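# coords below, sequence missing:
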């Protein structure tokens, strides 16, 4: 879904640039046809594009995406979540995954914290939670099998997604409780592979071996290694498939435990996780996980 959202954003930006120079209705219609054709070729389906003064609406078989300003809160798609009182700039519905993705701007820090508290008050148990001077990120699921992802950066911009939960219940994390900076308090449970993957009987044998002599302090990520590239003796990049979200979160913990906590940054949403940081030797690591269960680890060492 994330790739589709990025595609639609790019197309919409292109549309706005085109329409900036359009003075006649015929030129606007031509611009609409160009955008519709581009989206159709990417989604393999019919597209209904409606360009309004403040909101652009794109309808496909996959769902409906609205972009602009002051978009109405989709209360019939967000379960028991309270309406976020701020400027909603995008609402994207994915009918296939039965999920909704919302982007916003103009939210004050105190209001972001209050909204996070309201999520917790509704009974969403923390699966992932981190707060820093730059903002906050939270993933929680409830006993009814729904998951909410809330992120906020101190420039007032952020996102919310609401969907059926794909995560097995794990120990909760509180940023102030764990002295080692790990995301979970206690040991991570053994988690089963996704049922769909199990039914397909995927061959989980690594295509190439884990370069343990290079990643000395870092354990192997649970998944299937599909590629390995090197840049001299100082940099290696390892690609994975079939990496479960729980294992990706657990791996972030292990990176921190290995000492990669200096000048670190992390980003999390419903379908994306990224962590970057240095250790005391100034070695640098980048870890990325995507909702299609692909993942990559890049480690750059000081010569």
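Right, received. Where do you want to start? Predicted model only: the values in this text are computed from it and were never measured.
# Where does the prediction get shaky in the stretch 151-300 of the chain?
166-200, 269-270 (pLDDT under 70).
# repeat that for 50
Residues of the stretch 151-300 of the chain that meet the criterion pLDDT under 50 lie in 168-199.
# how about the strands of it, start to end?
158-164, 224-231, 235-241, 262-269, 272-278, 284-290, 295-300 (DSSP state E, counting those that start in this stretch).
# To residue 253, which of those lies closest?
Evaluated with Cβ to Cβ, those place strand 272-278 nearest to residue 253, the distance being 9.8 Å. Any C-beta I mention is one placed from the backbone N, CA and C, and that applies to glycine too.
# quick one: contacts of the closest one?
Residues from elsewhere that reach strand 272-278, judged by Cβ atoms under 8 Å, 6 or more residues apart in numbering: 2, 245, 248-249, 252, 255-256, 260-268, 284-291.
# Give me the buried entries from these.
For those, a burial check counting by 16 or more other Cβ atoms under 10 Å picks out 2, 245, 248-249, 252, 255-256, 260, 264, 266-268, 284-291.
# Give me the domain ranges for this protein.
Listed domain ranges for the chain are 1-61, 69-167, 195-300 (source: automatic domain parsing).
# show me what contacts the closest residue to residue 87 other than its chain neighbours?
With Cβ to Cβ, 6 or more residues apart in numbering as the criterion, residue 87 has its nearest non-adjacent residue at 4.5 Å, and that residue is residue 106. Contacts for residue 106 were tallied using Cβ under 8 Å, 6+ apart; they are 86-87, 156.
# And residue 109, by the same measure?
Counting by Cβ under 8 Å, 6+ apart, residue 109 has contacts 152, 154.
# For it, grab phi and psi.
phi -60, psi -40 (degrees, to the nearest 10).
# What of residue 120?
Dihedral pair for residue 120: phi -60, psi -40, per degrees, to the nearest 10.
# and if you look at the one 3 residues further on?
Backbone torsions for residue 123, taken as degrees, to the nearest 10, come to phi 100, psi 10.
# And the residue lying closest to it once chain neighbours are set aside, how far from residue 246?
Leaving aside its chain neighbours, residue 123 sits nearest to residue 142 (5.2 Å; criterion: Cβ to Cβ, 6+ apart). Residue 142 is 17 Å from residue 246, where distance means Cβ to Cβ, to the nearest Å.
# the more surrounded of the two?
With neighbours defined as other Cβ atoms under 10 Å, residue 142 and residue 246 compare such that residue 246 has more, 21 against 16.
# How much space separates that one from residue 290?
On the measure of Cβ to Cβ, residue 246 and residue 290 end up 15 Å apart.
# And for residue 229?
Counting by Cβ to Cβ, the gap from residue 229 to residue 290 is 18 Å.
# next one: residue 283
24 Å.
# So what angle separates the directions of whatever helix or strand residue 93 lives in and strand 158-164?
Counting by DSSP states H and E, the element that carries residue 93 is strand 87-94. Per axes from the mean of the first three to the mean of the last three Cα atoms, to 10 degrees, the angle that strand 87-94 makes with strand 158-164 is 30 degrees.
# which outside residues touch strand 87-94?
1, 4-5, 8-9, 62-74, 77, 99-106.
# any idea how far the residue nearest to residue 108 when sequence neighbours are not counted is from residue 234?
Nearest non-adjacent residue to residue 108, counting by Cβ to Cβ, 6+ apart: residue 156, 7.0 Å away. Distance of residue 156 to residue 234, given as Cβ to Cβ: 39 Å.
# My read is that residue 286 contacts residue 266, right?
No - counting by Cβ atoms under 8 Å, residue 286 does not reach residue 266; the two are 10.9 Å apart.
# ok, back up a step: mind giving me the ChimeraX select for the contacts of strand 87-94, buried ones only?
Provided next is the ChimeraX selection string for whichever of the contacts of strand 87-94 are buried by 16+ other Cβ under 10 Å:
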select :1,4,5,8,62,63,64,65,66,67,68,71,73,74,77,99,100,101,102,103,104
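# Just the ones in strands from the contacts of strand 87-94, please.
64-68, 99-105 (DSSP state E).
# So which residues of the stretch 51-200 of the chain form helices?
Assigned by DSSP state H, counting those that start in this stretch, the stretch 51-200 of the chain shows helices spanning 109-121, 195-200.
# List the buried residues for the first one?
Okay, so that is helix 109-121. For helix 109-121, burial by neighbour count (16+ other Cβ under 10 Å) applies to 112, 115-116, 119.
# Can you get me the start-to-end distance on stretch 256-264?
9 Å (Cα to Cα, to the nearest Å).
# I'd like the numbering to begin with 611 instead of 1 from here.
I'll keep to 611 as the first residue from here, and by that count the last item is stretch 866-874.
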